[in-house]
Each structure stands twice: as C-alpha cells, then as structure tokens.
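Colleague: I would like the atomic coordinates for the input below:
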Amino acid sequence: MWSTAREIAAGDVVIIWQTRDAIIPITISPGGVYNSKFGCYPHDTLIGTLYGSKVHSKSGRGFVHVLRPTPELWTLALPHRTQILYAADIAFIVGWLGVAVGSTVIEAGTGSGSFSHSVARTVGKRGKLYSYEFHEVRAEKAREEFTRHGIDGIITLNHRNVCKDGFTVEDTADSVFLDLPAPWLAIDHAKKALRKDRVARICCFSPCMEQVLRTVTALNTAGFTEITMFETLTRPHDIYQQGSCLSLPTTVGEVGDKLKKAEIRREEKRLKQVAAAKAVWVPKPKEDGEDGDEMQVVKPEAGEDASSGLHAKRKRESDPNKSDDEQTGPSALDAKRVKTEAEIEAEETQQEQAAVDKAKPPMVVSRVLTEVRGHTSYLTFACLVPTHPDAKPMVVFGANSSAEPSTTGTPVG
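Modeller: A predicted model of the protein is given here:
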C-alpha cells in the first residue's frame, strides 16, 4: 500500500502539505514540475528526498512538506467525486464492525474511496474488501486509484447496483457497510452476503433521520438485533508553541515576591504623598524681565501643619490676591507631578513583568479550530445473530458487544 521506502522514488504518490487547507497528492515523474503560490518544485529534486522532509522552492521564498501517504492524509487530499467519510466516522465504524486483520468486508458504495483505503490497511493482505459502486465513471476512477496505490489485490471493485441486483458473494462477509441513498433497499441482500456461522455486523450511513427510521424498520423486519444509532461529532484542536507573551503559570514564590515589591512601592508612594501634602506651591517672586509664571515650594516650618493658620498666613503673604481655599488647593503642577509618578510606577511594573516573562520558557497551548472538516451524519449499527448451535461469538468494540452472541434482541423503532 503505497511506498514503504525511506526515500521518494519515481512513480511514488506523495502528499504535498502546504497549509492545513492546501494538501495536494502528486505522482512523482522525472521531468515533472509542481507549481503553486508557494514556489516551483521540480520532481527531479524530490527524487531521493526523505519522506517527511521540508523542501524549499527554487527561489527560496516558500517551502512545502513532502509526506508519505496514509489513509488519513489521503482522506484530506483525495479528489472528491462524492461526499466522503472523514477519520472520526471511519474509526468509529471500523471499531464497531470489528474489522481486523484477515476480515472480509463489504462496502457499498465506493464513492471517492476514503473508507476503502482505511479498511484495506486494516484487513491487510490476508483480508478482503468487496466494494460496489453503481456509478460507472466513479467506479473506473476508483479502480485506477486502487491499482496505482497497490491495494487492488485487497479490494475487489464491482460496478453494480446492489439495491436491485444484490451482492456477488453469499455467506462470506464478516461485516457490511452501506453508504447508499436508500440503504433499506439493500438490507435483505446484505443479510444473504453475511456469514451465518458467527455474529456478523452491519452499519448504515445516513445523512437524515427519515432515512434512519426506514433503515431501522428494514433491519427489524430482516431479523437484525442490537440496533443502535450514533451521531459522531469532532472538536479538533490546533497545538502550537506560544512565545513569551503567554508564559507558564507563576509559582507561589514568584507571587510572594511580587506582593512584597508592590507593598514597598505603595509605602514609597505614601511617603511621597505625605511630603507633597506638607509642601505648598506658591508663585515665585517676580524679577525684572520675568513674567512671574514660575512656581516654588514653600515647606512648613517645624511643628507647623499645612492646615494651620500660620502656614495659611505665610501663603497669603506670598500671594495676597488669593483666598485660603485657592492657596491650599492643589495646583496644576502638583497634578502633573503626581501623574508622572504614576506613569513611572506603571513602567517599572511592566519592565519587571517583561523580565519575568523573558526568563520563562514558552508554553505549548491548544486552540479549537473554528472550521470542522466533516458533516453531520447518523450511523446505524445492528447484529445478525446465527441460530446454528456451533456458531462462534465475535468480540468487537462497543457498548453492546459481548464475548457470547446474544440469541434475542429488542427491536428499535
């Protein structure tokens, strides 16, 4: 399944990762060139490069990553011929159906081949996937991709309308997956294709509840049990390393040091305010050629308070044209001086915080992506329990799974 070598060779399928929303598959061919807004990349320069490498363009202004294909990457990069299944649904389906190495699985329809690649990897060369597609053009394109990716030996693709003509095998499949517009029309055919010597499972993928109801009715009528329906939703996160602007949480010791420094700054500020309250700003005596706008500080004498009558008298003597309230009120220069001190204190705090943040290592954080690749859908699961006394149980993942097959079930719907 694709290349297993460490280095890229001619003819390999390579995933070009440009951005999260720009993932392109290409086939390496000598003399070929891949051009994008991220630069020009001749295929000859990619041959011999290790998978997973970061490759710069010829101009050196852009770069891409060349990755080895996986079913998950192929799901993100494949050309859409139909609505596809994404990793969240695929993993859930494979787990509930009990698909494992050597399993025999039936899929209808093939579509763009997203589910087919994941199942082919899971069952391996000892397993088998019978895939059915009623649209001839889509079937041919899928067959070409399966051959090019080296999984045509695992997948047998048939151009066939299974709702009318049924499947090409009987009593063979361990599980059946139906991704059809009307899956209830294929339920009876699926029952014939499933093996009867052990518990077999079926899953129907439906985009609306009306289809689920009709499918459940058909499953009940056909004798399937343990009918369960799920809706799969995902919340992908983007993990990245944040710089110094978001550092690691502070320790208790750091918090204590910051509180002590803040207490010292508050005490210094209080002392400055007390000193400022005892100082009085009065006009500076005029001299020849001066306009008299300058101010000077008159400090109270020992034992004198700014509110005492003696101090007020001295202020009136300095400026007899102003009342006591005007003399004792804070001047504009006082306000400017206090504001400047506050600004200096804020700058000191910012500098201290910046020094602390710079000394801390960067923090790895996660962010929920706003756009989710996937779509709302409903997965209906059911079991076909054999009645033969020598039947073997089938252990699968799921809340309703058990080591022993159940002989009865409660119909849903």
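
Colleague: for the rest of this, base every contact and every neighbour count on C-alpha atoms.
Modeller: Will do.

Colleague: what about His237, how many neighbours?
Modeller: Neighbourhood size, His237 [other C-alpha atoms under 10 Å]: 13.

Colleague: contacts only, for the nearest residue to it once chain neighbours are set aside.
Modeller: With C-alpha to C-alpha, 6 or more residues apart in numbering as the measure, Val368 is the residue that lies nearest to His237, at 4.4 Å, once sequence neighbours are left out. By C-alpha atoms under 8 Å, 6 or more residues apart in numbering, the contact list for Val368 reads 235-238.

Colleague: distance check, Val368 against Asp89.
Modeller: 19 Å (C-alpha to C-alpha, to the nearest Å).

Colleague: give me the most central residue, the protein.
Modeller: Among the residues of the chain, the one closest to the centroid is His237, at 2.4 Å (C-alpha atoms, centre = their mean).

Colleague: pretty sure that one contacts Val365?
Modeller: No: the criterion here is C-alpha atoms under 8 Å, and His237 misses it with Val365 at 9.6 Å.

Colleague: show me where the stretch 151-300 of the chain has its helices.
Modeller: 162-165, 187-193, 209-222, 252-278 (DSSP state H, counting those that start in this stretch).

Colleague: deepest of those, which one?
Modeller: Highest mean neighbour count among the helices of the stretch 151-300 of the chain (mean count of other C-alpha atoms under 10 Å): helix 187-193, with a mean of 21.

Colleague: Trp74: what secondary structure?
Modeller: Under the three-state scheme (DSSP: H, G, I helix; E, B strand; the rest coil), Trp74 adopts helix.

Colleague: then Thr4?
Modeller: Per three-state DSSP, Thr4 ends up coil.

Colleague: tell me how this protein divides into domains.
Modeller: 13-69, 79-236+373-384 (automatic domain parsing).

Colleague: would you list those in CSV and tack on mean pLDDT and distance to Ala262?
Modeller: Converted to CSV, those look like this (pLDDT from 0 to 100; distance: least, C-alpha to C-alpha, whole Å):
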stretch, mean pLDDT, distance to Ala262
domain 13-69, 93, 46
domain 79-236+373-384, 94, 42
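
Colleague: format these as a markdown table; extra columns: distance to Arg6.
Modeller: Output for these, formatted as a markdown table (distance: least, C-alpha to C-alpha, whole Å):
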| stretch | distance to Arg6 |
| --- | --- |
| domain 13-69 | 6 |
| domain 79-236+373-384 | 17 |
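
Colleague: tell me the most buried of those domains?
Modeller: domain 79-236+373-384 (a mean of 19).

Colleague: so what's the closest residue to Pro79 other than its chain neighbours up against?
Modeller: Of all residues not flanking Pro79 in the chain, Ser112 sits nearest, at 7.2 Å (C-alpha to C-alpha, 6+ apart). Ser112 sits next to 78-84, 138, 142 when contact means C-alpha under 8 Å, 6+ apart.

Colleague: would you point out the most distant pair within those?
Modeller: Pairwise distances across those (C-alpha to C-alpha) peak at 14.2 Å, for the pair Gln83 and Ala142.

Colleague: where's Thr225 relative to Arg201, distance?
Modeller: In terms of C-alpha to C-alpha, Thr225 sits 10 Å off from Arg201.

Colleague: any shared contact partners between these two?
Modeller: 382-384.

Colleague: can you list those residues in TSV and add distance to Ile93 and secondary structure?
Modeller: Listed next are the shared contacts of Thr225 and Arg201 as TSV, based on distance: C-alpha to C-alpha, whole Å; DSSP: H, G, I helix; E, B strand; the rest coil:
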residue	distance to Ile93	secondary structure
Ala382	12	strand
Cys383	13	strand
Leu384	16	strand
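
Colleague: can I get those in CSV with distance to Val66?
Modeller: Formatted as CSV, the shared contacts of Thr225 and Arg201 follow (distance: C-alpha to C-alpha, whole Å):
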residue, distance to Val66
Ala382, 41
Cys383, 42
Leu384, 44
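
Colleague: so where is the stretch 201-350 of the chain shaky, pLDDT-wise?
Modeller: The stretch 201-350 of the chain contains residues with pLDDT under 70 at 242-251, 278-345.

Colleague: please name the residues that touch Cys208.
Modeller: Contacts of Cys208 (C-alpha under 8 Å, 6+ apart): 377-378.

Colleague: Pro183 versus that one, what's the distance?
Modeller: 12 Å.

Colleague: next up, the contacts around the residue nearest to Ala218 when sequence neighbours are not counted.
Modeller: Spatial nearest neighbour of Ala218, excluding adjacent residues (C-alpha to C-alpha, 6+ apart): Trp184 at 5.6 Å. By C-alpha under 8 Å, 6+ apart, Trp184 lies in contact with 214-216, 218-219.

Colleague: what is the nearest of those to Trp17?
Modeller: Thr215 (39.6 Å).

Colleague: for that closest one, which non-adjacent residue is closest in space?
Modeller: Leaving aside its chain neighbours, Thr215 sits nearest to Trp184 (4.6 Å; criterion: C-alpha to C-alpha, 6+ apart).

Colleague: look up how far Arg214 lies from the one you found.
Modeller: Taking C-alpha to C-alpha, one finds Trp184 at 6 Å from Arg214.

Colleague: next: Ala87.
Modeller: Ala87 sits 26 Å away from Arg214, going by C-alpha to C-alpha.

Colleague: Ser206 too?
Modeller: 10 Å.

Colleague: do the same with Phe224
Modeller: 14 Å.

Colleague: helices of the stretch 1-150 of the chain, residue ranges please.
Modeller: 43-46, 71-77, 87-97, 114-123, 136-148.
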